[in-house]
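Asker: I'd like to go over a predicted model; first the sequence, then the structure.
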Amino acid sequence: MNWDKSVDLLIAGSGGGGMVAALAAIDSGIEPLVVEKQALVGGSTGMSGGMVWLPNNPLMRAEGVSDSHEDGLAYFDDVVGDIGVVSSPARRETFLTAGSEMIDFLVRQGVRLVRCPGWSDYYPNHKGGNAAGRSVEGIPFDAAELGDWRDRVQPSMAKNYGFVVMTNELRAVQYFNRSPRAFAVAMRVFLRTRAAKLRRRELMTNGASLIGQMLKALIGDGAEPPVWTNAAMEDLIVEDGRVVGVRVRRDGSTMNIRARKGVLLAAGGFSRDADMRRKYSGDQPNEGQWSIANAGDTGEVLRTAMALGAQTDLLDEAWWLPMVFIADPGAASLGSGRQRPGAIYVDATGKRFCNESNSYVEVGKAMYANKAVPCWQIFDEGYVGRYVSGANPLKKRTLSEELITQGAVKRAATVADLARQIEVPADALEHTVTRFNEFAAEGLDPDFGRGQSAYNRCLGDPGYKPNPAVGPLDSAPFYATRVFPADVGTCGGVITNEHAQVLDEQDRVIDGLYATGNITATVMGRNYLGAGGSIANTMIFGYVAARHAAGS
């Protein structure tokens, strides 16, 4: 083999897992190289909210927030259960222990993180669950610190909103007119945004902050970071049963890169590959047509590992996100209806089928399990008046008439008329709404328990009483719009051990090959345990892989 370049650890993918692995490799005394097929650094992490979920993390301990390692393990046991090697006791132990080490390591590297208080675990009522908030996120970070790399990071989620807003602030900002505390948070965000514009500073938040700060640590005092963009990994190179390098196509040229210590696959899943989604979708049939995942999530790196004999699992699963696909800015607030009073989901029979305010992954899975793809979101005029955004916050809030005439949103004077428009049984929908209203007026939902967990309530309307997540649909006219099970990434792939080493079909280590993130079968199995669970998964096992490859 003629090698064009040699490094110690070749890392495919520049998301959270790839970037922290590069930092850990350097800290361990070995030479990394990150190859990223896209023009921008950050992958799915850069596009995301940028939270990192970790029980009993160092920031919680520093603030005296009650939690423990044992509670974290109990939470895994109760929610994820026994699903085999994918989420083995050893992998869970590594997730919790190495996770704390990783957070401390990032802080030493200059990455500034803050807690996300109040953002509850997604299953807080389960054993070991925590409602105080186990997630952390990056502070607003000045892109100018990246020098020539400032425009080479995936844009943050906040770019869509036009504000310099952190993820934990966003849930309050959307309710700026619903409570004094939410208004205070919104004003803080507004003033920060205004100050940044006056000073001509571009402040990164969300996933862009996390990636940007790690990129800054790689740049150090001005050195060129060990990151190649527009460099796609095409294949693994194997000698005598060991992965020793990769073939990379960079700017039109093919190169063979030797990896003395190993190769880490951190290149994401296959959300955007319709053929793979169709082939592996199982009981959740889809072709990725509703995916909003990173455009680079096309699965070719995963296929190279599978061709090498890597064992796989959870290929039918994804990080589901129920979505309303309406481009009109005024309708943006409809997508949060499942967490707000005055809205419910129903299937084609006109019946509710889940706790709408539960984790987005749980609701997406419920849509498939109940053959409610798509389902209908039913809401009333009270919902429109409280939540539909408009240019003038003092003006009466209404939906654009174009949405009605185009059919994107259905409107009717009565629930029965609405049922006829969306072709569901009128008597069934009337019964569903009547029953829901009877209990919702008291803030209750005996059928599905909506609004009874801290997670349900933390994303609800802080100004609505008695329950921020539950309220009746009793103000005509009534509306309906379709909801689809979108996803932000697949979460099945190769199976790895507690050292992030890839296993073959006989549970043997494939020598020299590591993997992390959405290219792997996640340690969380078919559940999403808290805000930033997938980012924690990729970053922790990326960190672990680099340390193991270095022999430390």
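Answerer: Thanks, I have it.
Asker: show me what the host helix or strand of F105 is packed up against.
Answerer: Using DSSP states H and E, F105 falls within helix 89-108. Counting contacts by 3 or more CB pairs under 8 Å, 6 or more residues apart in numbering; DSSP states H and E, helix 89-108 is packed against helix 16-27, helix 58-62, helix 69-79, strand 113-115, helix 533-549. Every residue, glycine included, has its C-beta placed from N, CA and C.
Asker: identify whichever of these lies nearest to W320.
Answerer: helix 533-549 (11.9 Å; CB to CB).
Asker: that older thread, residues touching the helix holding F105, excluding its own?
Answerer: Residues outside helix 89-108 that contact it (CB atoms under 8 Å, 6 or more residues apart in numbering) are 20, 23-24, 27, 52, 54-59, 69, 72-73, 76, 85, 113, 136, 214, 496-499, 523, 536-537, 539-541, 543-544, 547.
Asker: buried residues in that helix, which are they?
Answerer: Burial within helix 89-108, assessed by neighbour count using 16 or more other CB atoms under 10 Å, is assigned to 91-92, 94-96, 98-103, 105-106.
Asker: so for it, what's the average pLDDT?
Answerer: In this model, helix 89-108 has a mean pLDDT of 98.
Asker: which residue packs closest to A217, ignoring adjacent ones?
Answerer: Excluding its sequence neighbours, the residue lying closest to A217 (CB to CB, 6 or more residues apart in numbering) is Q109, at 4.3 Å.
Asker: list the residues that contact the one you found.
Answerer: The contact partners of Q109, by CB under 8 Å, 6+ apart, come to 23, 27, 214, 217.
Asker: would a markdown table of those with distance to E63 and pLDDT be doable?
Answerer: Below are these laid out as a markdown table (distance: CB to CB, whole Å; pLDDT from 0 to 100):
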| residue | distance to E63 | pLDDT |
| --- | --- | --- |
| L23 | 25 | 98 |
| D27 | 26 | 98 |
| M214 | 23 | 98 |
| A217 | 24 | 98 |
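Asker: quick check: of these, which has the highest neighbour count?
Answerer: M214 (27 neighbours; other CB atoms under 10 Å).
Asker: do you have the helices of the stretch 101-250 of the chain handy? List them.
Answerer: With DSSP state H, counting those that start in this stretch, the ranges of helices along the stretch 101-250 of the chain come out as 167-173, 180-198, 206-219.
Asker: mind putting those in CSV, distance to G532 included?
Answerer: Converted to CSV, the helices of the stretch 101-250 of the chain look like this (distance: least, CB to CB, whole Å):
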stretch, distance to G532
helix 167-173, 9
helix 180-198, 19
helix 206-219, 10
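Asker: out of those, flag the one nearest W149.
Answerer: Across these, W149 has its closest neighbour in helix 206-219 (6.1 Å, CB to CB).
Asker: what's the angle from the closest one to helix 16-27?
Answerer: Per axes from the mean of the first three to the mean of the last three CA atoms, to 10 degrees, the angle that helix 206-219 makes with helix 16-27 is 20 degrees.
Asker: helix 206-219 vs helix 533-549, what angle?
Answerer: Angle, helix 206-219 to helix 533-549, by the same axes, to 10 degrees: 20 degrees.
Asker: which other helices and strands contact helix 206-219?
Answerer: helix 16-27, helix 43-47, strand 135-138, strand 141-142.
Asker: where in the stretch 451-552 of the chain is pLDDT low?
Answerer: Within the stretch 451-552 of the chain, the segments meeting pLDDT under 70 span 552.
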